[in-house]
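Participant: just the structure for this:
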Amino acid sequence: MFDLIDDWGPEKVVCVSDRKTGMRGVLVIDNSARGMGKGGTRMSPTLTVREVARLARTMTWKWAAVDLFHGGAKAGILGDPGAPDKEAVLRAFARALANEVPREYVFGLDMGLSEKDAAVFVDELGDRGAAVGLPRALGGLPYDELGVTGYGVAEAADAAARAIDLPIVGARVAIQGFGAVGQAAAERLVELGAVITAVSTANGAVVDRGGLDVARLVALRAEHGDRCVHAYGSPVDADQALMTDAQILVPAAREDMIDKDLAKTTSAVLVVEGANLPTTPAARAILHERGVVVVPDFIANAGGTIAAAHSMDARYSPFPVVPDAVFAMISAKMRENAETVVRESRRLGLATHLAARAIAEDRVRRAMRLRGQVSAVG
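Facilitator: Here you go, the predicted structure:
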C-alpha cells in the first residue's frame with residue numbers, strides 16, 4: 001500500500017473484513033483538502049485496493065474540476081453483486097466502516113450497487129446521512145433512474161463537438177456500455193440530433209451505420225438486461241462497438257478499454273470518457289498525437305458528482321432535491337468545463353488530460369497551502 005502514496009494522497013486506506021459473511025472491502029480517502037471525502041461505492045468480484053485508490057484519485061480531480069467542495073474518496077467490496085447474500089455483505093461492510101461513515105466518508109453508488117443498496121447502508125447504520133443515491137421514497141435523488149451521469153456525458157460531448165467544429169446533428173456515435181450511464185447518454189445524444197451507430201454490453205454489440213433504434217434498445221434492456229443486444233438482432237462481438245466507424249466514441253464501461261492499438265486505428269475525432277479511467281495513458285498519448293480530442297473522465301462523467309453534491313447537501317433535509325435544478329447545473333457545468341479543457345489544451349499545446357489535471361491540481365494545491373499541509377512556495 002505504501003506504493004500508492006504520493007504528494008496528493010491517499011490520506012487513509014481502510015481495509016475491512018467480516019468472518020461470518022466473508023466480506024472483504026476497502027475505503028480509500030485520497031485528499032480532503034477541499035472537503036470531506038466523497039465518491040461512489042462499487043462491488044466487483046475482481047476488485048483490488050489499487051483499483052479503488054485509482055478511482056479515489058480520479059474523484060479528487062473530479063471534485064476540483066467542477067469546483068465543488070468535497071475531497072476524493074472511493075470504497076469497494078470484493079464480491080459478486082448478484083449473489084444471494086449481497087445484503088448481508090453490504091450490512092457487514094457498513095458496520096465495519098462505522099468509524100468513518102458518515103464523518104469522513106458517505107456511501108454512494110457505483111458499479112454493482114443500486115438505490116436499494118444505498119437504503120441498506122442507511123438502515124444498517126441508522127443514519128440517513130450515511131449514503132446518497134437513495135430511492136425517491138426515502139427522500140433521495142435516484143441517479144441511475146434519472147440518468148444524471150449519462151446526461152452530463154452527452155452535454156459534454158455536445159460542447160466539445162462544438163469546440164472542434166463538429167456538428168452534433170448527424171454525428172455518428174459509438175457507445176461502449178449500455179448501463180445507466182451509456183443508456184442515458186444515448187438517449188440525450190439522440191435528443192441533440194446525433195446518430196447512435198453502435199452500442200455494446202457485456203453480452204455483445206449491435207452496429208448499424210445508418211443509426212440504431214435507441215428507444216427500442218432501451219425497452220429491450222428493461223426486459224432483457226445486457227442481452228438486449230441479442231433481442232435487438234444481428235449481435236456481434238462486444239469489442240466491435242469501439243472499433244466501428246464513428247466520429248465520436250463514448251467508452252462507458254470499464255477501465256483501460258481503449259488501448260494503444262485502438263488509439264492508432266480509430267476513425268473517431270472525439271472521445272468522451274463516460275467511464276472512469278477507460279483510456280490507457282499510452283492510448284491517450286497516441287490520440288493526442290493524432291489530433292483526436294479526448295474529454296477526460298473527471299470532466300465528462302462529473303454529472304453524477306454534481307448530483308451527489310446536491311444530495312450531500314440535502315441528506316438531513318425534509319425537503320427532497322428538485323431534479324430540474326440538478327439537471328440545469330449539470331448542463332451548465334459540463335458544457336463550461338468541456339469547452340474550457342478543449343480551449344486550454346489547444347492554447348497550451350497539451351493533451352486534454354494534462355490541461356484538465358493542471359486546472360484541478362491548482363485548486364487542490366491552493367487548498368493544501370491554505371491549510372498548511374504543504375509549503376507556501378512548494
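
Participant: by mean pLDDT, which helix or strand of this protein comes out lowest?
Facilitator: The helix or strand of the chain with the poorest confidence is helix 143-146; it has a mean of 84 (mean pLDDT, DSSP states H and E).

Participant: for the helix or strand just after that helix, buried residues please.
Facilitator: Going down the chain from helix 143-146, the next helix or strand is helix 148-163, by DSSP states H and E. Buried positions in helix 148-163, judged by neighbour count with 16 or more other Cβ atoms under 10 Å: 148-161, 163. Just so you know, the C-beta spots here come from the backbone N, C-alpha and C atoms, and that holds for glycine as well.

Participant: contacts for stretch 334-346?
Facilitator: 65-66, 152-153, 155-160, 162-164, 293, 295-296, 299-300, 302-303, 350-352, 354-356, 358-359 (Cβ atoms under 8 Å, 6 or more residues apart in numbering).

Participant: residues of it that come out buried?
Facilitator: Residues of stretch 334-346 classed as buried under the neighbour-count rule (16+ other Cβ under 10 Å) are 334-335, 337-338, 340-342, 344-345.

Participant: now swap in stretch 21-37 and tell me
Facilitator: 21, 23-37.

Participant: from the residues you listed, which land in helices?
Facilitator: When those are checked against helices (DSSP state H), there are no matches.

Participant: now do G210, the pLDDT please.
Facilitator: Per-residue pLDDT puts G210 at 95.

Participant: give me phi/psi at it?
Facilitator: phi -80, psi -10 (degrees, to the nearest 10).

Participant: can you show me the strands along this protein?
Facilitator: For the chain, strands defined by DSSP state E occupy the ranges 12-17, 24-31, 37-38, 41-44, 71-78, 105-106, 172-176, 195-201, 204-207, 248-251, 270-272, 293-295.

Participant: would you list the ones you listed in JSON lines and tack on mean pLDDT?
Facilitator: As requested, the strands of the chain are exported to JSON lines (pLDDT from 0 to 100):
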{"stretch": "strand 12-17", "mean pLDDT": "98"}
{"stretch": "strand 24-31", "mean pLDDT": "98"}
{"stretch": "strand 37-38", "mean pLDDT": "96"}
{"stretch": "strand 41-44", "mean pLDDT": "97"}
{"stretch": "strand 71-78", "mean pLDDT": "98"}
{"stretch": "strand 105-106", "mean pLDDT": "98"}
{"stretch": "strand 172-176", "mean pLDDT": "98"}
{"stretch": "strand 195-201", "mean pLDDT": "97"}
{"stretch": "strand 204-207", "mean pLDDT": "97"}
{"stretch": "strand 248-251", "mean pLDDT": "98"}
{"stretch": "strand 270-272", "mean pLDDT": "98"}
{"stretch": "strand 293-295", "mean pLDDT": "97"}
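
Participant: much appreciated, bye for now.
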